[in-house]
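Novice: have a look; sequence and predicted model below, questions after that.
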Amino acid sequence: MMQKGSKYLTALLLAVGVLLSACGKKEAAASMHLVKAEGKVEVSDKDGKDIGVVERLGLYSGYQVGTQNASYAWIDLDEVKLAKMDEESEIEIQKEGKELTASVKSGSLFFHVEEPLAEDETFDIRYSTMVVGIRGTCGWVEVRDEEHMLVYILEGTVEGSVTALEGGETKTEPVTAGERAELFASDGQAGIRVEKFKESDIPAFVLEELLGDEALNHKVSEASGLAVGEGTSEEEDPEDGSLEDDGKDGEEEPQILTVSQTGLSYITSGGGVILTVKDGLCGAINRQGESIVPHQYPYYYCEPSEEGIFALGDDEQCTFFDREGRELVTLPGSYGISIELGEGKITYAYTREDGSDEIGCYDLESGAYLVQIPVEELMPDGGVSNVSPVQDGVFYCSLETEGLFLVQMDGSMVRIDDAREAMWKDAGWSSHTYESVPLDPAESGVQIAGVGSGGRMPRYWAWAVKDGYMPSLSIELGVGIALFDCQTQQYFEIPMDTEEAEQIFGVNPQMAFSGLSIQIPEYYSGGYWYGSRGMQMVVNIAYQEEIDRCFLLDFSKAELNEYREVTNLAEVVLAEHETITMTDEGWYLASEGEEYFYLDEQGRRMEMPKAQDCSGYWDGYAMMIDGDGMAYVIDMDFQKVSEGYPADAVAQTGDMFVIYHGEEETALFMK
């Protein structure tokens with residue numbers, strides 16, 4: 001749970017109504033039982049007294065059930081309602097007449113109601129001020145923090161509504177099978193965001209129920225289109241730790257397209273376009289290996305979008321091309337230019353010929369500038385840091401001394417730090433001042449010249465938004481790490497000058513500007529480079545020659561002080577390894593020395609065959625090198641689905657896998 005000052009927390013009442021046609025009536029649940037417990041499961045009564053767990057333990061109003069690590073609990077409600085608790089979850093059951101409520105205090109809860117409820121019967125799953133009304137459907141809920149809850153629907157059609165009291169507006173969205181709804185509420189505002197989810201988003205504790213119930217699995221597949229369990233194998237990992245063929249007789253293996261040209265290095269791929277380097281210059285080829293843009297550009301500015309649009313250029317300008325290599329538009333450029341592409345619009349920040357900076361947005365479809373903002377009007381001293389791509393019709397930019405701005409297509413700008421600065425002032429903080437930190441020639445190691453913190457409020461970089469969240473680092477490098485919630489327009493912040501940060505990250509706050517490097521490893525997906533996945537992100541911290549480690553952070557576990565700074569960093573850090581790489585789906589990739597392996601979303605190491613190298617996942621596939629130095633495409637069960645390729649290393653970038661062998665590089669694509 002996050003700690004929040006009472007003056008900032010508005011009481012909200014949210015309701016998600018689930019509207020389904022009834023196929024029959026059933027009397028109110030007459031009994032509740034803990035029908036199965038796996039691992040360490042604890043039960044207490046309404047007075048908090050511990051109850052011993054026995055077979056078919058009766059549960060009554062006010063009872064609480066909690067699961068520990070690697071532990072699960074199944075609760076039966078009148079034989080037609082099943083609730084399964086994930087590990088490290090806690091719920092409280094309330095029952096009054098025909099009204100039944102499962103209050104989720106933490107973790108995740110799977111639900112399956114076989115028959116629609118009677119009109120006078122209710123079954124609600126509640127968390128904080130959010131409630132999901134269940135009438136006859138299947139799915140699961142996942143709580144993140146006081147302000148967010150996710151609802152995934154596997155079967156059935158529901159309508160979700162979120163209402164904020166005290167004059168707040170009501171948000172209503174239909175949610176169908178195969179969609180998830182994110183409920184959020186903060187500071188008198190509430191909303192619901194609906195989007196599709198994939199098979200790879202289904203957590204293991206839910207997948208187990210689907211694979212164990214053929215009838216339910218069939219209903220879910222028909223309703224949602226999710227191919228749950230297809231391609232799974234019950235064979236155990238081989239004892240020698242090598243990769244085994246899947247042995248799936250009669251099934252068509254995925255088609256693999258191979259592109260290989262001597263003298264080319266592959267950068268990334270998307271929309272049928274592959275960016276490559278030859279003799280130190282950038283160009284582009286298609287998936288047939290044919291050149292569409294000659295190798296004559298020193299830089300690439302934008303990787304291919306899903307439509308195959310990309311940008312190459314030099315210090316003076318950058319040119320955007322379509323998937324056939326035709327020029328679309330050329331924009332002026334300079335050293336340090338920031339250019340992004342999103343939703344057919346180019347966002348940019350660059351230095352004009354007169355030395356002043358400009359922020360803008362160019363629409364490729366209309367061939368017109370939608371936004372052109374001289375920076376000196378906002379900040380006389382100039383100093384654009386960067387811009388984010390357009391997403392949902394808006395983009396972000398950051399200025400060195402003014403912080404983060406939200407930019408609308410009409411050219412209006414909202415300074416994010418206005419509300420944040422007011423919050424800090426209410427907590428007793430003094431106003432922000434700019435302080436230049438000059439380089440000291442006598443100081444050894446790598447130094448950072450720029451803005452000093454001096455205990456002041458850090459300013460953050462703009463980034464690409466993923467699932468409503470934007471990761472960021474402080475412009476005052478070494479000061480802070482943050483995750484920005486784009487719905488509530490608030491940060492989760494990790495200051496680097498605390499004793500806990502020093503203990504976990506190993507950074508001496510007194511030497512923060514000498515030899516410190518903080519980076520967010522990104523992954524490429526659908527034309528964007530992302531640094532987070534939901535509320536999770538990875539940071540790489542290198543400090544002089546003493547530290548070079550990656551940390552997997554989960555801000556859903558954060559507790560915050562009055563400045564919205566994380567006060568329980570040890571719980572937020574899920575894993576620490578030499579390298580950790582996020583991917584758009586599937587497991588996270590990690591390594592320690594010569595060991596390569598995958599992590600699940602809780603930061604735990606997956607049980608898998610031994611590998612010399614691994615790649616990230618794309619569309620349910622990855623690459624691994626076995627003990628014999630052969631690379632194979634594998635599925636999410638770690639089963640081979642391709643022939644072997646001699647390899648020294650493998651990588652995944654965009655929709656492409658790359659095999660490195662000697663001086664040759666080979667690109668593979670799944671069809």
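Specialist: Structure's in. What do you need?
Novice: residue 93 and residue 101 touch, don't they?
Specialist: Yes: using C-beta atoms under 8 Å, residue 93 is in contact with residue 101, at 7.3 Å. Where C-beta positions appear, they are placed from N, C-alpha and C, glycine not excepted.
Novice: so between the two, which is more surrounded?
Specialist: residue 93 (20 against 17; other C-beta atoms under 10 Å).
Novice: need the three-state assignment for that one.
Specialist: strand (DSSP: H, G, I helix; E, B strand; the rest coil).
Novice: that one and residue 103, how far apart?
Specialist: 8 Å (C-beta to C-beta, to the nearest Å).
Novice: could you do residue 544 as well?
Specialist: Where residue 103 is concerned, residue 544 sits at a distance of 49 Å (C-beta to C-beta).
Novice: also residue 277?
Specialist: Applying C-beta to C-beta, the value for residue 277 to residue 103 is 56 Å.
Novice: run a quick neighbour tally on the closest residue to residue 416 other than its chain neighbours.
Specialist: The shortest distance from residue 416 to any non-neighbouring residue, by C-beta to C-beta, 6 or more residues apart in numbering, is to residue 404 (4.2 Å). Residues near residue 404, counting by other C-beta under 10 Å, number 27.
Novice: you'd agree residue 404 is up against residue 395?
Specialist: No: when contacts are counted by C-beta under 8 Å, residue 404 is not listed as touching residue 395 (11.2 Å).
Novice: between those two, what contacts are shared?
Specialist: Common neighbours of residue 404 and residue 395 are listed as residue 462 (criterion: C-beta atoms under 8 Å, 6 or more residues apart in numbering).
Novice: in the stretch 501-650 of the chain, where is pLDDT below threshold?
Specialist: Across the stretch 501-650 of the chain, the ranges flagged by pLDDT under 70 are 508-515.
Novice: what's the spacing between the residue nearest to residue 343 when sequence neighbours are not counted and residue 275?
Specialist: Spatial nearest neighbour of residue 343, chain neighbours left out: residue 390 (4.8 Å); criterion: C-beta to C-beta, 6+ apart. With the distance defined as C-beta to C-beta, residue 390 ends up 21 Å from residue 275.
Novice: residue 135 now?
Specialist: Per C-beta to C-beta, residue 135 is found 50 Å from residue 275.
Novice: so which of the two has more stuff around it?
Specialist: Remark: of residue 135 and residue 275, residue 275 carries more neighbours, 25 against 21, as counted by other C-beta under 10 Å.
Novice: wait, that one sits on residue 268?
Specialist: Yes: counting by C-beta under 8 Å, residue 275 does reach residue 268; the two are 5.6 Å apart.
Novice: list residues touching both of these two?
Specialist: Contact with both residue 275 and residue 268 is made by residues 303, 304, according to C-beta under 8 Å, 6+ apart.
Novice: neighbours of the closest residue to residue 568 other than its chain neighbours, how many?
Specialist: Excluding the flanking residues, the one nearest residue 568 by C-beta to C-beta, 6+ apart is residue 559, at 4.5 Å. By the criterion of other C-beta under 10 Å, residue 559 has 16 neighbours.
Novice: I'd say residue 559 and residue 570 touch.
Specialist: No: counting by C-beta under 8 Å, residue 559 stays clear of residue 570, with 10.9 Å between them.
Novice: ok, the residue lying closest to residue 599 once chain neighbours are set aside - contacts?
Specialist: Of all residues not flanking residue 599 in the chain, residue 588 sits nearest, at 4.4 Å (C-beta to C-beta, 6+ apart). For residue 588, the contact set (C-beta under 8 Å, 6+ apart) comprises 538, 552, 580, 581, 582, 598, 599, 600, 601, 603.
Novice: for the residue nearest the centre of the chain, list each beta-bridge partner.
Specialist: In the chain, the residue lying closest to the centroid (C-alpha atoms, centre = their mean) is residue 533, at 0.7 Å. Beta-bridge pairing for residue 533 (DSSP bridges): residue 536.
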